[in-house]
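Trainee: turn this into a structure:
(one chain, ligands or ions: 2)
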Amino acid sequence: MAGFPVGSARAWLSDTDVVPERMPLSNAKRVVVKVGTAVVSNSDGTLALSRLGALVEQLRGLKDQGRQVILVSSGAVGLGRLRLGLAKDVVANPANVIDRQACAAAGQGILMSTYDMLFQRLGLTCAQVLITQGDFLSRQRYSYLTDTLDRLTSLGVIPIINENDVVTGCHELDTQRVFSDNDKLSALLAAGSDADGLALLTDVEAVFTKPPDQEGAERIKVYNSLTAVEIGEKSSMGRGGMASKIGAARVAALGGVHTVVASGYDLDNIAKVFAGADVGTLFPASARPNKRQRWLTFATVSEGKIRVKAAAKDRLISSSAAQALLANDLVNIYGDFPDRAVVTVEDQDGVEFARGMVQMSADNMRKEVQVRRDERTRRGEWSGRAKWRREKGNGREKEGEHGGQGEGGRKEERRQVVAGEKGGRRRGKDQG
Ligand SMILES: Nc1ncnc2c1ncn2[C@@H]1O[C@H](COP(=O)(O)OP(=O)(O)O)[C@@H](O)[C@H]1O
Ligand SMILES: N[C@@H](CCC(=O)OP(=O)(O)O)C(=O)O
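Mentor: Ligands and ions are numbered 1, 2, ... in the order given. Below you'll find the model as predicted:
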């Protein structure tokens, strides 16, 4: 059983055990710990009571150090499956959506009552928080959520969070999902609630260069975007697998949270991670974007896409403040999004570089762009193509003969089409 010393975590490790780049973890004030199904349960699906006991002891250790602690726990579906007497493949097979939802309903109570008992025995208070995709998509609900977590942690309570699979969580093919599993949920939550550290605890020691059961697999101590990882099978009970854990850890790190993927089977690991010891795989945090940027970039699903001119890109990239986009900045509008949707912003090469919330629907945006183009045409600010067509058409008119004004001289009503924000996800490998 884990024995966690009360007081400073660093006093528990000798100075040489603390890795300098992990110091921010030992100083982390608010921390999120996520335990996967494979940590919470045994391979036969029963509760892994000794691990849960050790987990709660270690959480108490973190609290005794004066930290605020949030726990994200998987396990409801697996525990519910056992209670309902359903076959094991119900949990593993994404096609069995309704059964998985029924399992989640039956298992969440088992999970929570066990935690509640263990917490009480150790003099701690916990509170259940079940969340859905929609809580992240709406900025207001996202704020309500983080406000509640703030209040609970300020009261010394440890919130225990799980996805509310009963109503949303099991539809893995749903394209509106902002998180696919509890790894991503923890990352969004850690980034959104200003946590300083996140531990993703699983059934293997760390992220390895290849599946840990393969010869030559090496622990990756510190992950960076160039690190090559060969991904193998996930555990029989897990939902996300290692690819999802890496994606989630990167999202958290980009959101300003120092993140470690480590084993939940080593009963002292939570203490070690937050003491700054060299365990698991570290994903070092980037500078923390502001809250709105974090929400736009990580916690939303893009409902469409706009392509902007090079000058507009330069403006967005070079300014640290939020920048609006005007109709004149747009090259193209893709999709059929409503007013106030979040859209991705790409450059002329099709590379996504930002996200923004639109101030009008796609239809109205197209109309606005057309109105502006017509205005320019009336003023004689011909595009190269229009100029060519016109010159070819009557053979007389030349550039400048239409009384056109330059940008600076124009008195145009400028309606914002996008309240922009830089810091969007880059395409492909950087996407969480
Ligand atoms: N390159 C890799 N490094 C580490 N683990 C890997 C790798 N590729 C595949 N895995 C597997 O990922 C599993 C952990 O993910 P998952 O099953 O989702 O766990 P959890 O239930 O804790 O979320 C491990 O059982 C491990 O075998
Ligand atoms: N919400 C689900 C867990 C989903 C999930 O992400 O599982 P895991 O990959 O084991 O962390 C449950 O409580 O069973």
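
Trainee: from now on I want contacts and neighbour counts done on CA atoms only, so please keep to that.
Mentor: Fine.

Trainee: name the SS class of the residue nearest the centre of the chain, please.
Mentor: Compute the mean C-alpha point of the chain, and by CA atoms, centre = their mean the closest residue is residue 188, 3.7 Å away. Three-state call for residue 188 (DSSP: H, G, I helix; E, B strand; the rest coil): helix.

Trainee: contact partners for it?
Mentor: By CA atoms under 8 Å, 6 or more residues apart in numbering, residue 188 lies in contact with 251, 252, 298, 299.

Trainee: from those, which has minimum pLDDT?
Mentor: Across these, the bottom pLDDT score, 73, is held by residue 299.

Trainee: what is the neighbour count of the closest residue to it other than its chain neighbours?
Mentor: Distances taken as CA to CA, 6 or more residues apart in numbering place residue 136 nearest to residue 299, at 5.6 Å, with adjacent residues excluded. Number of residues near residue 136 (other CA atoms under 10 Å) recorded here: 26.

Trainee: got the contact list for residue 136?
Mentor: 142, 178, 295, 299, 300.

Trainee: and the lowest mean pLDDT element among the helices and strands of the protein?
Mentor: helix 9-12 (a mean of 44; mean pLDDT, DSSP states H and E).

Trainee: residue 356 contacts residue 342, correct?
Mentor: Yes. With contact defined as CA atoms under 8 Å, residue 356 reaches residue 342; the gap is 5.6 Å.

Trainee: joint contacts of the two?
Mentor: residue 296.

Trainee: please type out the ChimeraX selection for whichever of the contacts of residue 136 turn out to be buried.
Mentor: Buried residues among these (16 or more other CA atoms under 10 Å), as a ChimeraX selection:
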select :142,178,295,299,300
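
Trainee: farthest pair in the contacts of residue 136?
Mentor: 142 and 178 (12.3 Å; CA to CA).

Trainee: which residues of the stretch 101-250 of the chain lie near ligand 2?
Mentor: For the stretch 101-250 of the chain, the residues in contact with ligand 2 (CA under 6 Å from any ligand atom) are 162, 163, 165, 181, 182, 183, 238, 239, 240.

Trainee: how far away is the spatially closest residue to the last one that is not a sequence neighbour from residue 248?
Mentor: Across the structure, with CA to CA, 6+ apart as the measure, the residue nearest residue 240 apart from its sequence neighbours is residue 181 (5.8 Å). Note on residue 181: its distance to residue 248, by CA to CA, to the nearest Å, is 9 Å.

Trainee: between those two, which is the more surrounded one?
Mentor: Using other CA under 10 Å as the criterion, residue 181 and residue 248 rank with residue 248 on top: 27 against 24.

Trainee: now the nearest residue to that one once chain neighbours are set aside. Its backbone dihedrals?
Mentor: Setting aside the residues directly before and after it, residue 248 is nearest to residue 184 in space (CA to CA, 6+ apart), at 4.6 Å. With angles defined as degrees, to the nearest 10, residue 184 sits at phi -70, psi -40.

Trainee: residue 184 against residue 243, yeah?
Mentor: No. The criterion here is CA under 8 Å, and residue 184 misses it with residue 243 at 10.9 Å.

Trainee: settle it for me: which of those two has more neighbours?
Mentor: Neighbours per residue, other CA under 10 Å: of residue 184 and residue 243, the larger number sits with residue 184, 25 against 17.

Trainee: how far out from the middle of the chain is the helix or strand that residue 371 is a member of?
Mentor: Per DSSP states H and E: residue 371 is located in helix 362-379. Put simply, helix 362-379 sits 36 Å off its chain's centre (CA atoms, centre = their mean, to the nearest Å).

Trainee: can you pull the buried residues of that helix?
Mentor: For helix 362-379, a neighbour-count test (16+ other CA under 10 Å) marks 362, 365, 366, 368, 369, 372, 373, 376, 377, 379 as buried.

Trainee: possible to save those residues as TSV with pLDDT and distance to ligand 2?
Mentor: What follows is the buried residues of helix 362-379, written out as TSV (pLDDT from 0 to 100; distance: CA to the nearest ligand atom, whole Å):
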residue	pLDDT	distance to ligand 2
362	92	34
365	93	38
366	92	40
368	90	43
369	89	43
372	86	48
373	85	49
376	81	53
377	83	55
379	79	58
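
Trainee: now, which of the residues you listed sits nearest ligand 1?
Mentor: Sorting those by how near they are to ligand 1, with CA to the nearest ligand atom, puts residue 362 at the top with 38.0 Å.

Trainee: who are the neighbours in contact with that closest one?
Mentor: Counted by CA under 8 Å, 6+ apart, residue 362 has contacts 333, 334, 335, 336, 337, 338, 339.

Trainee: among these, name the buried ones.
Mentor: Among the contacts of residue 362, those buried by neighbour count (16+ other CA under 10 Å) are 333, 337, 338, 339.

Trainee: quick one on the thing from earlier: now do the residue nearest to residue 248, the pLDDT please.
Mentor: 90.

Trainee: now it: how far from residue 198?
Mentor: Here the criterion is CA to CA. By it, residue 184 lies 12 Å from residue 198.

Trainee: where are the low-confidence patches of the stretch 101-250 of the chain?
Mentor: For the stretch 101-250 of the chain, the stretches with pLDDT under 70 are 169-178, 235-238.

Trainee: residues from it in reach of ligand 1?
Mentor: Checking the stretch 101-250 of the chain against ligand 1 by CA under 6 Å from any ligand atom, the hits are 202-204, 206-212, 229-235, 237-242.
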